[in-house]
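Visitor: Whatever this is, show me its structure:
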Amino acid sequence: MSQPISRVYSIYQEGPKTPSSDAARWATGNCNLQAFYDWHELSRNIADYENPNAYIDAIADGEIVGAGREKYSCLNEPRDDWPATSVAPGDYLLTFFAHVPHDPSYFRVWVTKEGYDPLQPLTWSGPNGLEELEVGDIYRDLPDYHFQVNLPERTGRHLIYVAWQRIDPVGECFFAACDVIFDAAPGSNPTIDDIDVDPGLVEPLDVDFRLDSAWSGTFNGSVVVSNPNANAVVHGWEVSWEGNPNLDTVWNGILEEEGETSTVSWEAWNQDINPGDSVTFGFSGTGTWPPAPEHVMLNNQSANVYIDGVLYSEAEDEHEHHDCVGDFTGDMMVNAADFSVFLVNFGSSNEATDLNADGTTDVQDFSLFLVAFGNHCMH
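Guide: Residues are numbered from 1 along each chain as shown. Predicted structure coming up:
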């Protein structure tokens with residue numbers, strides 16, 4: 001944290017070899033100096049971060065500032081002279097300086113309770129415990145992340161504790177403990193009005209399933225993952241869905257399958273998605289097209305889903321279209337009789353055979369029909 005400055009970053013700023021404050025000199029004299037050069041590595045892997053008590057379970061009372069790591073244990077020392085930032089009750093803009101930006105992610109913020117004694121160990125609950133605050137929108141001005149909280153009424157020395165949680169299977173979380181003193185003039189806090197940046201990932205990301213070619217019940221396709229946000233880079237992406245399309249192979253992505261769920265994540269060369277940009281991975285698979293993916297998630301968050309460029313909704317009552325594409329005769333099979341109907345209407349504007357709804361029964365519709373040929377449809 002650069003605003004208010006965290007204990008570990010403050011020592012780094014003073015210079016671990018020649019610190020100026022008594023607290024920093026004590027810390028550098030009692031812990032390995034490398035800890036303070038590695039200020040940006042004060043982290044733990046919290047895989048079950050969705051559990052409200054995950055941090056409490058992972059980090060014991062008295063070890064909270066150092067995130068329960070021996071390397072940073074000197075930061076836990078109860079002292080009343082850690083360098084501190086003057087604050088006032090009310091809105092306060094926090095700034096997390098990210099040595100390496102990570103998205104998707106979110107922040108949680110706590111402040112010590114009134115009556116906090118800096119000469120006693122910090123605890124999660126009780127008189128020397130923490131009270132969680134509501135975090136406002138995240139504003140990214142990389143490498144800085146800005147977010148606002150409303151500081152409650154407090155007096156004297158306190159501590160603001162911040163967790164920056166990555167949303168990924170490993171659950172890496174970075175922690176920062178910021179010493180503050182509630183002695184600033186009312187209205188003097190930095191606020192969101194003091195910065196000129198756009199919100200970060202305020203728009204959901206887009207996932208577009210596209211058909212590239214088809215033959216004999218098999219198809220090649222691609223998935224385009226787009227970032228419509230104007231000011232936020234996506235660092236790492238992972239798309240998951242249930243049901244079809246059922247994939248056999250994937251390129252420009254890493255495929256994992258578990259039960260009915262398919263998950264594709266980034267390769268080393270296409271990890272980032274810049275604002276307004278996209279990445280594409282290809283696949284081969286079997287089944288019907290257009291597909292009917294369910295519970296489509298991008299980085300564990302809901303996404304805008306498209307099929308061949310057309311916005312798709314799982315709630316739409318289109319199951320007959322998806323399950324029985326190509327069945328023009330209504331016999332719940334896609335066979336030679338349907339092929340005859342398709343040939344008769346080739347080049348026409350017949351809505352029944354215009355499978356991609358572009359206004360004409362054409363070669364693209366023929367590709368869709370070939371994918372479905374031989375299917376037995378379900379009511």
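Visitor: State the distance from Tyr145 to Gly66.
Guide: Note on Tyr145: its distance to Gly66, by C-beta to C-beta, to the nearest Å, is 22 Å. Quick note: C-beta positions are derived from backbone N, CA and C, even for glycine.
Visitor: typo on my end, it should be Val264
Guide: Using C-beta to C-beta, one gets 37 Å for the distance from Val264 to Gly66.
Visitor: Could you pull up the residues touching the spatially closest residue to Pro121 that is not a sequence neighbour?
Guide: What sits nearest to Pro121 in space, not counting adjacent residues and going by C-beta to C-beta, 6 or more residues apart in numbering, is Gly62, at 3.7 Å. The contact partners of Gly62, by C-beta atoms under 8 Å, 6 or more residues apart in numbering, come to Asn76, Pro121, Leu122, Thr123.
Visitor: Just the buried ones out of these, please.
Guide: Asn76, Leu122, Thr123 (16 or more other C-beta atoms under 10 Å).
Visitor: Quick one: those residues as a markdown table, columns for pLDDT, distance to Gly90 and secondary structure too.
Guide: Below are these laid out as a markdown table (pLDDT from 0 to 100; distance: C-beta to C-beta, whole Å; DSSP: H, G, I helix; E, B strand; the rest coil):
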| residue | pLDDT | distance to Gly90 | secondary structure |
| --- | --- | --- | --- |
| Asn76 | 98 | 29 | helix |
| Leu122 | 98 | 24 | coil |
| Thr123 | 98 | 26 | coil |
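Visitor: Quick one: the strands in the stretch 151-300 of the chain, in order.
Guide: Ranges of strands within the stretch 151-300 of the chain are 156-166, 172-182, 206-215, 218-226, 234-235, 238-242, 246-251, 254-258, 261-265, 272-273, 278-286, 294-298, based on DSSP state E, counting those that start in this stretch.
Visitor: how about the ones you listed in TSV, adding mean neighbour count, distance to Tyr37 and mean pLDDT?
Guide: Formatted as TSV, the strands of the stretch 151-300 of the chain follow (neighbours: other C-beta atoms under 10 Å; distance: least, C-beta to C-beta, whole Å; pLDDT from 0 to 100):
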stretch	mean neighbour count	distance to Tyr37	mean pLDDT
strand 156-166	21	20	96
strand 172-182	23	16	97
strand 206-215	18	41	89
strand 218-226	19	36	92
strand 234-235	22	23	74
strand 238-242	21	32	91
strand 246-251	14	40	93
strand 254-258	12	33	91
strand 261-265	19	32	92
strand 272-273	19	26	84
strand 278-286	18	34	93
strand 294-298	17	36	88
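Visitor: would you turn the ones you listed into CSV with distance to Leu42?
Guide: Shown next, in CSV, are the strands of the stretch 151-300 of the chain (distance: least, C-beta to C-beta, whole Å):
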stretch, distance to Leu42
strand 156-166, 10
strand 172-182, 6
strand 206-215, 34
strand 218-226, 31
strand 234-235, 19
strand 238-242, 25
strand 246-251, 36
strand 254-258, 29
strand 261-265, 26
strand 272-273, 24
strand 278-286, 31
strand 294-298, 29
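Visitor: Out of those, flag the one nearest Asn189.
Guide: Nearest of the strands of the stretch 151-300 of the chain to Asn189, taken as C-beta to C-beta: strand 172-182 at 10.5 Å.
Visitor: Let's see that closest one as CSV, backbone CA atoms only.
Guide: Extracted C-alpha coordinates of strand 172-182, given in CSV (Å, rounded to 0.1, in the frame of the first residue of the first chain):
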residue,chain,number,x,y,z
GLU,A,172,-2.9,-15.9,-4.1
CYS,A,173,-3.6,-13.0,-1.7
PHE,A,174,-1.4,-10.0,-0.9
PHE,A,175,-1.7,-8.3,2.5
ALA,A,176,-0.8,-4.8,3.7
ALA,A,177,-1.0,-3.4,7.2
CYS,A,178,-1.1,0.4,7.3
ASP,A,179,-0.5,2.4,10.6
VAL,A,180,-2.7,5.5,10.8
ILE,A,181,-3.4,8.2,13.4
PHE,A,182,-6.8,9.8,13.5
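Visitor: Mind giving me the packing neighbours of it?
Guide: Helices and strands touching strand 172-182, by 3 or more C-beta pairs under 8 Å, 6 or more residues apart in numbering; DSSP states H and E, are helix 7-14, strand 43-45, strand 85-87, strand 156-166.
Visitor: So for Phe281, which of those sits nearest?
Guide: Taking C-beta to C-beta, strand 156-166 is the member of those nearest to Phe281, at 21.7 Å.
Visitor: just to revisit the earlier point, go through the contacts of Gly62 and name the one nearest Asp194.
Guide: The closest of these to Asp194 turns out to be Leu122 (C-beta to C-beta; 29.4 Å).
Visitor: Phi first, then psi, for the closest residue in space to the closest one that isn't next to it in sequence.
Guide: Closest residue to Leu122 apart from its sequence neighbours, by C-beta to C-beta, 6+ apart: Ile64 at 4.9 Å. For Ile64, the backbone dihedrals (degrees, to the nearest 10) come out as phi -70, psi -40.
Visitor: List the residues that contact Ile64.
Guide: Per C-beta under 8 Å, 6+ apart, neighbours of Ile64: Asn76, Leu122, Thr123, Trp124, Leu130, Tyr161, Phe175, Ala177.
Visitor: any idea which of those is closest to Ser6?
Guide: Nearest to Ser6, judged by C-beta to C-beta, of the contacts of Ile64 is Ala177 at 5.8 Å.
Visitor: can you pull the contacts of the nearest residue to that closest one once chain neighbours are set aside?
Guide: Spatially, and ignoring its direct neighbours in sequence, Ala177 is nearest to Val65 (4.1 Å; C-beta to C-beta, 6+ apart). For Val65, the contact set (C-beta under 8 Å, 6+ apart) comprises Arg7, Tyr72, Leu75, Asn76, Leu122, Leu159, Tyr161, Phe175, Ala177.
Visitor: So Val65: helix, strand or coil?
Guide: Per DSSP: H, G, I helix; E, B strand; the rest coil, the secondary structure class of Val65 is coil.
Visitor: Brilliant, that's me finished.
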